[in-house]
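Peer 1: All I have is the shape, not the residue letters:
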């Protein structure tokens, strides 16, 4: 939806082009309702309604010959993006950073598993020693995991 003031922008563009190109500009619309022409330009340029800088750029970079609306829009689309100055990164408060690292370390320790990663092997050896019959591969892998000689 274009701004209600956008037709005024189109009128200003047409005025600038009439001054720049004179009779050549006006002759190309002979026999055509100027309101229809302006409406077409307004429709084609409506994408610039919220940011008029590309239209200003196009008016500053007009070609030698009268542009049609497509050519004018192409010039506007060549408008360079604005350059913004970078703000310096905010400095971190060392005390707050240290507190956050401590909290994260505590949380990591609290969530860390408290089980022995070789508990499975110890359990298998205990089952074997209790008289349970295990597959030879189970017994061999358990002994290897615990650094023991394979129990027969």
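Peer 2: Great, that's in hand. Because the structure is predicted, anything quoted here is derived from the model rather than measured.
Peer 1: what's the distance between residue 144 and residue 130?
Peer 2: Look at residue 144 and residue 130: by Cβ to Cβ, to the nearest Å, they are 20 Å apart. For every residue, glycine as well, the C-beta is placed using N, CA and C.
Peer 1: which one of these two has more residues nearby?
Peer 2: residue 144 (12 against 7; other Cβ atoms under 10 Å).
Peer 1: That one sits in which helix or strand?
Peer 2: Element membership for residue 144 (DSSP states H and E) is helix 136-146.
Peer 1: model confidence over that helix, on average?
Peer 2: Mean pLDDT, helix 136-146: 93.
Peer 1: Please apply the same query to stretch 114-126.
Peer 2: Average pLDDT, stretch 114-126: 89.
Peer 1: And for stretch 46-63?
Peer 2: Average pLDDT, stretch 46-63: 94.
Peer 1: Quick one: end-to-end length of it, please.
Peer 2: 21 Å (Cα to Cα, to the nearest Å).
Peer 1: cool, stretch 55-73 as well?
Peer 2: Stretch 55-73: ends 8 Å apart by Cα to Cα.
Peer 1: how distant is that stretch from the center of its chain?
Peer 2: 31 Å (Cα atoms, centre = their mean, to the nearest Å).
Peer 1: go on, stretch 103-113?
Peer 2: Taking Cα atoms, centre = their mean, one finds the center of stretch 103-113 at 33 Å from the center of the full chain.
Peer 1: This protein: strands as residue ranges?
Peer 2: For the chain, strands defined by DSSP state E do not occur.
Peer 1: Confirm for me that residue 49 is in contact with residue 8.
Peer 2: No. Under the criterion of Cβ atoms under 8 Å, residue 49 is not in contact with residue 8, lying 11.3 Å apart.
Peer 1: Who has more neighbours out of the two?
Peer 2: Set residue 49 next to residue 8 and count neighbours by other Cβ under 10 Å: residue 49 wins out with 16 against 10.
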